[in-house]
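>>> Based on what follows, work out the 3D shape:
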Amino acid sequence: MAVLAIAATAAALALPAMNEAIARYRLGAATDHLLDTLRHARSAALWRDTGVRVCPGRGGLECAPAADWAAGWTAREFDEGKTGSILVSAQPLPGNLRVIRSPGRHEFHFTRHGAAYGTNQRIVLCVASRPATARAVVVGNAGLVHRDPVRPDEAAVCAAASLRRR
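Next up is the predicted model:
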């Protein structure tokens with residue numbers, strides 16, 4: 001009985017730390033997947049000599065301008081108003097992850113030259129209610145994609161964000 005009580009106490013103490021570790025792992029995987037999608041989209045635009053569009057959407061299959069990036073995203077060929085094949089499709093993120101973006105564009109269009117004209121766009125991912133976990137992805141108007149330090153105000157907004165999946 002004493003051994004079971006000690007084991008139960010140890011498990012109860014370890015569970016919150018395990019949940020935190022899992023949430024951070026999922027956040028890292030989501031951030032890497034978004035970075036990979038954006039870089040792949042730019043490369044595909046250059047190699048295929050066509051435009052590529054990356055946008056948030058429902059389950060990663062359909063673009064939905066009002067959707068949160070946490071609902072998934074899609075990268076697909078897009079040239080002269082014609083929608084082409086899907087290059088990358090991401091499913092919705094786990095429920096405790098949040099995503100915010102800077103005002104402006106709600107999606108990215110990489111030209112056949114690899115540029116993403118417009119203002120630089122920041123997307124911040126984090127674990128809900130944990131601003132210290134925030135990570136930023138930036139797409140410059142030259143089309144280059146990179147990680148960037150998160151500003152404290154962005155981290156706070158991300159951690160407090162509500163979920164808007166459509």
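
>>> right, and the helix or strand after the helix or strand of the chain with the lowest mean pLDDT?
Ranking every helix and strand in the chain by mean pLDDT, DSSP states H and E puts strand 62-63 at the bottom, with a mean of 78. Going down the chain from strand 62-63, the next helix or strand is strand 73-79, by DSSP states H and E.

>>> any idea how far the residue nearest to the spatial centre of the chain is from Ala7?
Among the residues of the chain, the one closest to the centroid is Leu34, at 4.8 Å (CA atoms, centre = their mean). From Leu34 across to Ala7, the span is 40 Å (CB to CB, to the nearest Å). In this view, the C-beta of every residue, glycine as well, is placed from N, C-alpha and C.

>>> The least confident helix or strand of the chain pairs with which strands, and in what direction?
Under the criterion DSSP bridges, strand 62-63 sits next to strand 52-58 (antiparallel) in its sheet.

>>> Contacts for the partner strand, please.
Contacts to strand 52-58, defined as CB atoms under 8 Å, 6 or more residues apart in numbering, come from residues 37-38, 41-42, 44-45, 63-65, 67-69, 71-78, 83, 87-88, 106-110, 166.

>>> Please type out the PyMOL selection for whichever of those residues turn out to be buried.
In PyMOL syntax, the buried subset of the contacts of strand 52-58 is picked out as below (16 or more other CB atoms under 10 Å):
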select buried, resi 37+38+41+42+44+45+63+64+67+68+69+71+72+73+74+75+76+77+78+87+88+107+108+109+110
